[in-house]
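Novice: A structural model of the following input is requested.
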Amino acid sequence: MKNDVNLDLDVLNDEQERTLMALLNLIIPPSEDGRMPGAVDVNFLTHLNKEGLFPCTNEELLLINKVSHEVYNHDFSELVELKQKQLIDKLPHKLSKFLTWLTSQVIYCYYQDDEVLRAIGLGARPLFPEGHFLKEGDLALLEPVYERGKFYKD
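Specialist: You can find the predicted model right below:
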């Protein structure tokens, strides 16, 4: 896992961090050929820290681990992948909503990572100065919009 930014990880205890890492591996595991990184490899903890999202994860990570102990008598991170997936299916609605939110945050972070962008062939570069040029189109198609005139108040 990359850690190029100083993180305030004191907000997660070891159990919470292990649970989060296990969840990240379930959401986007690394490819078997090593070409695509997994969610654990893309600075997700940095993203949570930068966006101030750790408070949104603390209680839920503890609850997932609590359910894991109730069902399997082990930490979530110690379970094999199949049991982790089975446990996720048994989680109460509140935790299912959390996992939906977590998945959206992981995807948001994942597809901004330079390594991921290079792996999918997009190139990790800013929009400018190289720029992304649009093909010229037929601007006459905008004529009806221009002729319509203003339809809003100044």
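Novice: what helix or strand is the most centrally placed residue in the chain on?
Specialist: By C-alpha atoms, centre = their mean, the chain has its centre lying nearest to Val106, at 0.7 Å. In the assignment (DSSP states H and E), Val106 maps to helix 93-110.
Novice: buried residues in that helix?
Specialist: 95, 98-99, 102-103, 105-106, 109-110 (16 or more other C-beta atoms under 10 Å). Where you see a C-beta, it was placed from the backbone N, CA and C, and this is true even at glycine.
Novice: Turn those into a markdown table, columns for pLDDT and distance to Glu136.
Specialist: Output for these, formatted as a markdown table (pLDDT from 0 to 100; distance: C-beta to C-beta, whole Å):
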| residue | pLDDT | distance to Glu136 |
| --- | --- | --- |
| Leu95 | 88 | 51 |
| Phe98 | 91 | 47 |
| Leu99 | 92 | 45 |
| Leu102 | 92 | 42 |
| Thr103 | 94 | 39 |
| Gln105 | 91 | 38 |
| Val106 | 93 | 38 |
| Cys109 | 89 | 35 |
| Tyr110 | 90 | 34 |
